[in-house]
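> A predicted structure for the sequence below; I have some questions about it.
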Amino acid sequence: MRWEVVAWGALALLLFAAEALAPGAFMLWIGIGAAAVFALVAVFADIPVLWQVVAFVVLSVLSIQCYRRWGKPRARQSDAPLLNRRAEQLVGRVVPLQQAIVGGQGRVSIDDASWQVSGPELPAGTLVRVVAVQGSALVVEAAG
């Protein structure tokens, strides 16, 4: 067995193993380029090493481009877009003020959690509607 055939086969296996250990669908496509050169070198014995490397680069780039064009999954719309955005899930809720809004700042209690709120000056106990989220604070207005 010629050393070039063994080298390209080993490189392809190494790249496939790297993809398996750190998945990201990138080493796989370079490994496919190496496997293609392995097949070429196994069939055609007189390809110079420089042309083998050129073929490897070209085939790797082509396989990556094929993946990006046809194989890459399209971004799907989530059925729960607010899943990990807890504060934004509260927009529209009406709750009583736990602490009066003084100087634009107050607190409400929603589902066993205390939230800082900002809005117009209102006394404790007033029903407020969450209208937006600003950073980690809820923006409220008087409900009604």
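Received it, and whenever you're ready, just let me know what you need.

> which residues touch the helix or strand bottoming out on mean pLDDT in the chain?
Least confident element among the helices and strands of the chain, by mean pLDDT, DSSP states H and E: helix 86-89 (a mean of 86). Applying Cβ atoms under 8 Å, 6 or more residues apart in numbering, the external contacts of helix 86-89 come out as 82, 115, 133, 136, 138. From N, CA and C alone the C-beta is placed, and that goes for glycine too.

> which ones are touching the second one?
Shown here is residue 115, whose contacts under the criterion Cβ under 8 Å, 6+ apart are 87, 90, 107-109, 137-138.

> one more time with 7 Å, if that's ok
By Cβ atoms under 7 Å, 6 or more residues apart in numbering, residue 115 lies in contact with 107-108, 138.

> if you rank those by neighbours, which is first?
When neighbours are counted by other Cβ atoms under 10 Å, residue 138 leads these with 27 neighbours.

> and that residue, what element?
strand 137-142 (DSSP states H and E).

> show me what that strand is packed up against.
strand 113-118, strand 127-134 (3 or more Cβ pairs under 7 Å, 6 or more residues apart in numbering; DSSP states H and E).

> sorry, back to before: adding pLDDT, write the contacts of residue 115 out as JSON lines.
Formatted as JSON lines, the contacts of residue 115 follow (pLDDT from 0 to 100):
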{"residue": "107", "pLDDT": "95"}
{"residue": "108", "pLDDT": "95"}
{"residue": "138", "pLDDT": "95"}
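
> about what we covered before: after the least confident helix or strand of the chain, which helix or strand is next?
Using DSSP H and E, the helix or strand that follows helix 86-89 in sequence is strand 94-102.

> for that next one, list every residue counted as buried.
Neighbour counts over strand 94-102 (16 or more other Cβ atoms under 10 Å) mark 95, 97, 101 as buried.

> turn those into CSV, columns for distance to residue 23 and pLDDT.
Below are the buried residues of strand 94-102 laid out as CSV (distance: Cβ to Cβ, whole Å; pLDDT from 0 to 100):
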residue, distance to residue 23, pLDDT
95, 44, 94
97, 49, 94
101, 49, 94
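
> quick one: which of these is nearest residue 35?
Closest approach to residue 35 among the buried residues of strand 94-102 (Cβ to Cβ): residue 95, at 60.6 Å.

> secondary structure element holding the nearest residue to the closest one once chain neighbours are set aside?
Among residues not flanking residue 95 along the chain, residue 108 sits closest, at 5.0 Å (Cβ to Cβ, 6 or more residues apart in numbering). For residue 108, the host element (DSSP H and E) is strand 105-110.
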